[in-house]
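**Student:** Let's see this in three dimensions:
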Amino acid sequence: MPRPDTLFHPDTWFREGHGPRYEQLYRHLVAAIADGTLAAETQLPPERELAELAQVSRVTVRKAVAQLVEDGQLEQRRGAGTFVRVPRARQDNSRSALVSFTDYMRQRGKSPTSRILSAGLYAPMPDEQQALGLMTLARVARIERLRSADGVPMALEYSSWPADILPDPQTVQGSLYDHVRALGHVPTHAVQRVSAANLKVSEAQLLNMQAGQAVLRIDRTGYLASGRPVEFTRGLYRSDIYDFIAELRLEASPAT
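**Tutor:** Numbers count the residues shown, from 1 in each chain. Down below sits the predicted model:
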């Protein structure tokens, strides 16, 4: 691990106008874990020391660390401290590898299609500002798409990108990841959360489902190798067709 006074110094992670300090510190730690700078089993400095190194309040450190614990990237061990967590679950390619919906469906032998419902440049909403670290006067590219496989509606995806990353969303055809990859800005890693949601009437009509029916909701924030967040996507996926697979292994326990 690099020297803590270098790794956590605000010059390495804080940018004025790019969102709250705790959110920027959180994104910095996410990137450091993803690229191996903070390897598994690395112990973070104690809260007070980390706050001094990062030149922020202990509350800021606590919020950033708590989010990483919730994400499963850090674990707090009673009486020992906070450590980078050893991955305990291996998911299939649908979730463990950062691939597009298009690539995922092709891997499963299905023919993916997309219908763009809306696309344009807008003033960012508060959740987009926070996730992407945007200033109030910035512009965000927003695309809403209906994703299908073999002609069957599978998902609704609402994606937001900084305008300098995706300057003309109306030119997107097919895979959005292929499009931004051609622009040289494809994310290298992401953090996502999976939860349950119930469909609104308009959403249900697009997915050929009943209003109020349960679906999988996946919120994803994608990052460049530099740690900059460039993608904020919220997807609603048919749980009767789309699956989320994780393989869990029992860890060996020391003899007692």
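
**Student:** Quick check: buried residues in the strand or helix carrying Glu70?
**Tutor:** According to DSSP states H and E, Glu70 maps onto helix 58-71. Neighbour-count burial for helix 58-71 flags Thr60, Val61, Lys63, Ala64, Val65, Gln67, Leu68 (criterion: 16 or more other C-beta atoms under 10 Å). Any C-beta I mention is one placed from the backbone N, CA and C, and that applies to glycine too.

**Student:** Lys110 reaches Ala149, doesn't it?
**Tutor:** Yes: counting by C-beta atoms under 8 Å, Lys110 does reach Ala149; the two are 4.1 Å apart.

**Student:** Quickly note the distance from the closest residue to Pro45 other than its chain neighbours to Gln43.
**Tutor:** Among residues not flanking Pro45 along the chain, Pro4 sits closest, at 5.6 Å (C-beta to C-beta, 6 or more residues apart in numbering). To Gln43, Pro4 is 11 Å away according to C-beta to C-beta, to the nearest Å.

**Student:** got the residue ranges for the strands in the protein?
**Tutor:** Using DSSP state E, the strands of the chain run over 74-77, 81-84, 89-91, 112-122, 140-149, 152-162, 189-198, 214-223, 229-237, 246-248.

**Student:** Looking at the buried residues of helix 58-71, which is nearest Met154?
**Tutor:** Ranked by distance to Met154 (C-beta to C-beta), these are led by Gln67 at 29.5 Å.

**Student:** May I ask which helix or strand of this structure has the lowest mean pLDDT?
**Tutor:** strand 89-91 (a mean of 36; mean pLDDT, DSSP states H and E).

**Student:** Among the buried residues of helix 58-71, which one sits closest to Arg85?
**Tutor:** Nearest to Arg85 among the buried residues of helix 58-71: Leu68, at 8.8 Å, using C-beta to C-beta.

**Student:** Quick check: the closest one vs Pro46, distance?
**Tutor:** For Leu68 relative to Pro46 (C-beta to C-beta), the value is 15 Å.

**Student:** Report the contact partners of the closest residue to Leu224 other than its chain neighbours.
**Tutor:** In this structure, Leu224 finds its nearest non-sequential neighbour in Val230, 5.7 Å apart by C-beta to C-beta, 6+ apart. Val230 makes contact with Leu132, Trp161, Pro162, Ile165, Val180, His185, Pro187, Gly222, Tyr223, Leu224, according to C-beta atoms under 8 Å, 6 or more residues apart in numbering.

**Student:** In CSV: those residues, plus distance to Pro153 and pLDDT.
**Tutor:** Formatted as CSV, the contacts of Val230 follow (distance: C-beta to C-beta, whole Å; pLDDT from 0 to 100):
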residue, distance to Pro153, pLDDT
Leu132, 28, 89
Trp161, 24, 95
Pro162, 29, 93
Ile165, 28, 92
Val180, 24, 87
His185, 29, 82
Pro187, 25, 84
Gly222, 24, 88
Tyr223, 29, 87
Leu224, 31, 85
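
**Student:** The spatially most central residue of the chain pairs with what?
**Tutor:** Centroid check for the chain by C-alpha atoms, centre = their mean gives Thr221 as the closest residue, at 2.5 Å. Thr221 forms beta bridges with Val191, Phe232, as assigned by DSSP bridges.

**Student:** likewise Ala196?
**Tutor:** In this entry, Ala196 is beta-bridged to Leu216, by DSSP bridges.

**Student:** can you tell me how far it sits from Asp71?
**Tutor:** Taken as C-beta to C-beta, the span from Ala196 to Asp71 is 18 Å.
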